[in-house]
Each structure stands twice: as structure tokens, then as C-alpha cells.
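Enquirer: The sequence isn't on hand, but the structure is:
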């Protein structure tokens, strides 16, 4: 399992996936409030960012495909999406004359949802995490209870990576953890701060190991994963949302591990 965080956005998410989520939310908003009354529920958003020295410099490409009613005019749709979605969300200083904007590039999109995607299984796990900016262990989250480390450990690693960045121990951080069936303690934990750490990575790992109980039960107890919180993860990703427990800020320097150990 992997967890990731970066300081390029206020919620420590990669800029491209954060902007994609904002565009997707806006697309839903203009459909539900009937600002664009002919839209239908199915849709997708993709954003490609150009970086300069690890800093988002400009938007190279924005792609939005949205389902619509049969009678919708495709040229009007393109105009409405550009004016009422893209221009309302995307910072103007990140777009230039070379930015490519594709709206329903394959043409009309009338049939959507399960009818248009027969055979679809699970969730788009990369959309649920970091948009391809970080690695993924391969396990889906949605539909699994918290005893499955595919879900719970990924949440915990996001929480830890976020707090490594929030505590300014690094500007970006990727964590990897491995478990074996029947063994509660992780087999290994690995860190990569991409040369941005403010102290040796070995010391950061020691802080992690001295602060958090990384057994499955310890994670469930600490993040309170048996509470009914999961409706917030059904759209726009599982990370970067302020009200979820794995998005909380903590001080890694001051919290002792005993705080998080399960009681006997």
C-alpha cells in the first residue's frame, strides 16, 4: 500500500487531481442547479499539468466529456462547459494560448452509466487516490471494510504522508507499507521524500514508528474507521477532504505512540 502528499496545494494533494476534482464538482453543480439543463449524470475530467522544477507552471490540457440529452446541441454544450465550468474553476494564470481544451472530443455522448459501460467492475482506483502522480498498491478501497489493509493502511499512509509535509519534514512524501496475512505488524515501511526532506529519511521513519500503531487494529482504532464516514468517499476521491479523519493534522514531534495503542 502507498500514501502520498505534496505541498503544491493547500490540502496536500497533487495539483492535477485536485483541479480535476474541482472541475468534476462544478460539472455536477451546473447540472443539478439546471444552469446547464441538458446535462446527464455521466462525465469525466482529465487535467494535464506542466511542471518547472517540481512546481506546477501551466495547464497543458483540460479534457471534459459529459453525457447529455439527445436533443442537446454539441456546439452549445462546448460553449457552456467552457464558460460555466472551466472558466469558473481554473485559475486564468495557469492557462495560456497553448493550453489545449477538449470538450466531448469524440462527439455526442447520450448513452452513459452502466448501460454504456457493461462489464464495469470496481472503482477507478487512481482517480480515488492521487491521479497517477503517485504509485498505487492495486487494491480498491470502496466496498471493503476497514479490516482490509488495502483500504485502512492506504488511509493511514495518506495521513502520515500529509503530516510529514504539514510538519515541514519534507515538501513531498511517498510512503510504502507491506503486510502478510496472519501477521499484525507490517513487514516493512519505506519512505521517499524525493530529495526534499529537512532531516534524514531514517529519522523520519523513526518518528513514524515511534508515533503510530500500524497494526490493522491500531489503524482502525486511531482513525475511527468503524464510524459511518464513508459516504464522503463515494465521489471526488478519498483524499484531500477536510472532514475525513485521515486528513487531520497532528504534530509528529509531540504525540507519543502510547496515545494510539489499543487498550487491553
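Expert: Now that the structure is in, tell me what you want to look at. Bear in mind that the values here come from a model prediction, so they are computed numbers and not experimental data. Numbering: from 1, shown residues only.
Enquirer: Thought residue 43 was touching residue 77, still the case?
Expert: No: in this structure residue 77 lies outside contact range of residue 43 using Cβ atoms under 8 Å: 11.4 Å. Placement of C-beta: from N, CA and C, glycine included.
Enquirer: which neighbours do these two share?
Expert: Common neighbours of residue 77 and residue 43, counting by Cβ atoms under 8 Å, 6 or more residues apart in numbering, are residue 66.
Enquirer: gap between the two ends of stretch 85-94?
Expert: Start-to-end span of stretch 85-94 (Cα to Cα, to the nearest Å) is 15 Å.
Enquirer: contacting residues around that stretch?
Expert: For stretch 85-94, contacts defined as Cβ under 8 Å, 6+ apart pick out 19, 22-23, 26-27, 30, 56, 58-59, 62, 64, 101.
Enquirer: what mean pLDDT does stretch 219-238 have?
Expert: Averaging pLDDT along stretch 219-238 gives 93.
Enquirer: pretty sure residue 223 is touching residue 155, no?
Expert: Yes: between residue 223 and residue 155 there is a contact under Cβ under 8 Å: 6.1 Å.
Enquirer: And the residue nearest the centre of the chain, what's its pLDDT?
Expert: In the chain, the residue lying closest to the centroid (Cα atoms, centre = their mean) is residue 129, at 3.6 Å. pLDDT for residue 129: 95.
Enquirer: Wait, a strand at it?
Expert: No: Residue 129 is assigned coil when assessed by DSSP: H, G, I helix; E, B strand; the rest coil, not a strand.
Enquirer: Now do it against residue 13, distance only.
Expert: Distance of residue 129 to residue 13, given as Cβ to Cβ, to the nearest Å: 10 Å.
Enquirer: Please enumerate the shared neighbours of the two.
Expert: residue 239.
Enquirer: mind listing what's buried in stretch 123-140?
Expert: Using 16 or more other Cβ atoms under 10 Å as the test for burial, stretch 123-140 gives 125, 127-131, 133-134, 136-137, 140.
Enquirer: which outside residues touch that stretch?
Expert: Residues contacting stretch 123-140 (Cβ under 8 Å, 6+ apart): 1-2, 4, 6, 13-14, 16-17, 20, 122, 141-143, 148, 150-151, 154, 174, 176, 233, 237-239.
Enquirer: Let me see the contact set for the residue nearest to residue 154 when sequence neighbours are not counted.
Expert: Nearest non-adjacent residue to residue 154, counting by Cβ to Cβ, 6 or more residues apart in numbering: residue 1, 4.7 Å away. Going by Cβ under 8 Å, 6+ apart, residue 1 touches 137, 139, 149-150, 153-154, 157, 176-179.
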